[in-house]
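# Sequence and predicted model, in that order:
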Amino acid sequence: MKRSASLVCLILLLFLPGCATKSELPSFVPKEAKQAPAFKKNDSRQSNAAIEFYNRGREKMKRGDYPAAAALLETSVAKDPRLFPAHAALGRAYEKLGKINEARALFRLALEIRPDHAESRVALGRIAYDKGGIERAIFHFEKAVKSKPDSFVAQYRLGLIRRRRGQIPLAVHHFKQAMRISPGHQEARYWLWLSLTERGDADKWEVELGRAIVVSGSDTPVRYYQGHAARYFRRGRVGKALVAIQKAVDVNPGWRDKMWRGVLNDMARYRRALKK
């Protein structure tokens, strides 16, 4: 009986959980478990090095040293192929170096990694536009605006394209957005002003924009309105001529200067004609 009890105890000691000592635990650890921390640490080192090369490449880009920038950015993407800003920056460097096909491929790769990367969309739109692919340019610029509404370049380029196509209301919309993003941009202000004059129905804002252009040093709005007034007058549309010549005065803070005496003389002539 004692012998049977001893045997039972021995079996329990052998099979009950937790009975084995630390030295008796299996020494085998799956290969993946051993290597995972090392891979993670290595990835971090690689990524940090890639970011360092990326930052150095960007500095070279700012200085206009595109060959040196390209070399640094090539190293960056080699160390971390998932660093999408490095792909985009390298694409820009290649674009500056005239390697358009390589640049396009890198911008597309950046979008594969980050589909909503607006800068890469803008770059592809710019390349398409420069190559005459207007439809493709519109596609990329609109995608850029969708992912980043505050993309000045996308809004401004869409304004230019829509204006070129005679789609003035759409051009006005995009130029407005561009001016909202960058209020001091003179070219955007000029195109918005010109588009508003062609669309009509925004006289007050049109005059304000025209005045800002004149204040910045360009007399284009004054000449524009004076020329339109003369054409209206020749066609017998005296009322339209007076409206246009009044705008030529309103946009010009220096309308009393001698150099603008011709504008005032035109206004007087149109008024006399209207009374007849």
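That came in fine, so what should we check first? Residues are numbered from 1 along each chain as shown.

# now stretch 232-241, how far from the chain's geometric center?
43 Å (C-alpha atoms, centre = their mean, to the nearest Å).

# Check stretch 203-221 too.
Using C-alpha atoms, centre = their mean, the offset of stretch 203-221 from its chain centre is 27 Å.

# Can you point out the buried residues in that stretch?
Glu206, Val207, Leu209, Gly210, Arg211, Ala212, Ile213, Val214, Asp219, Pro221 (16 or more other C-beta atoms under 10 Å). For glycine as for every other residue, the C-beta is placed from the backbone atoms N, C-alpha and C.

# Who are the packing partners of the helix or strand that contains Tyr190?
Secondary-structure assignment from DSSP states H and E places Tyr190 in helix 186-199. If you count contacts as 3 or more C-beta pairs under 8 Å, 6 or more residues apart in numbering; DSSP states H and E, helix 186-199 packs onto helix 152-164, helix 168-181, helix 203-215, helix 220-234.

# biggest separation within the buried residues of stretch 203-221, which pair?
The largest separation in those, counting by C-beta to C-beta, is between Glu206 and Asp219 at 16.3 Å.

# that older thread, could you dump the buried residues of stretch 203-221 to JSON lines with pLDDT and distance to Ser44?
Output for the buried residues of stretch 203-221, formatted as JSON lines (pLDDT from 0 to 100; distance: C-beta to C-beta, whole Å):
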{"residue": "Glu206", "pLDDT": "92", "distance to Ser44": "57"}
{"residue": "Val207", "pLDDT": "93", "distance to Ser44": "59"}
{"residue": "Leu209", "pLDDT": "94", "distance to Ser44": "52"}
{"residue": "Gly210", "pLDDT": "95", "distance to Ser44": "57"}
{"residue": "Arg211", "pLDDT": "95", "distance to Ser44": "57"}
{"residue": "Ala212", "pLDDT": "95", "distance to Ser44": "51"}
{"residue": "Ile213", "pLDDT": "96", "distance to Ser44": "53"}
{"residue": "Val214", "pLDDT": "95", "distance to Ser44": "57"}
{"residue": "Asp219", "pLDDT": "93", "distance to Ser44": "60"}
{"residue": "Pro221", "pLDDT": "95", "distance to Ser44": "58"}
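
# rewinding a little: of the helices and strands packed on helix 186-199, flag the one that's most buried.
Across the helices and strands packed on helix 186-199, averaging neighbours per residue (mean count of other C-beta atoms under 10 Å) puts helix 152-164 on top, at a mean of 21.

# Let me know the average pLDDT across that helix.
Averaging pLDDT along helix 152-164 yields 96.

# Stretch 113-132 too?
In this model, stretch 113-132 has an average pLDDT of 95.

# Can we start the residue count at 12 from this point?
Understood, numbering begins at 12; the last thing we discussed is stretch 124-143.

# didn't Ser58 look like it was pressed against Ser87?
No. Ser58 is beyond contact range of Ser87, at 10.1 Å (criterion: C-beta atoms under 8 Å).

# Work out for me the element Val156 sits within.
Under the assignment here (DSSP H and E), Val156 is part of helix 145-158.

# Tell me the helices and strands packed up against that helix.
Using 3+ C-beta pairs under 8 Å, 6+ apart, helix 145-158 sits against helix 129-141, helix 163-175.

# could I get those as CSV with distance to Arg200?
Converted to CSV, those look like this (distance: least, C-beta to C-beta, whole Å):
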stretch, distance to Arg200
helix 129-141, 21
helix 163-175, 11
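
# ok so, going back, identify each buried residue in the helix holding Tyr201, please.
For helix 197-210, burial by neighbour count (16+ other C-beta under 10 Å) applies to Ala199, Arg200, Tyr201, Trp202, Leu203, Trp204, Leu205, Ser206, Leu207, Thr208.

# List the contacts of the third one.
Just to be clear, that refers to Tyr201. Each residue near Tyr201 by C-beta atoms under 8 Å, 6 or more residues apart in numbering is listed here: Ile224, Ser229, Thr231.

# closest to His151 among the residues you listed?
Closest to His151, out of all of the contacts of Tyr201 and judged by C-beta to C-beta, is Ile224, at 30.0 Å.

# re the thing from before, tilt between the helix holding Val156 and helix 163-175?
Helix 145-158 runs at 140 degrees relative to helix 163-175, counting by axes from the mean of the first three to the mean of the last three C-alpha atoms, to 10 degrees.
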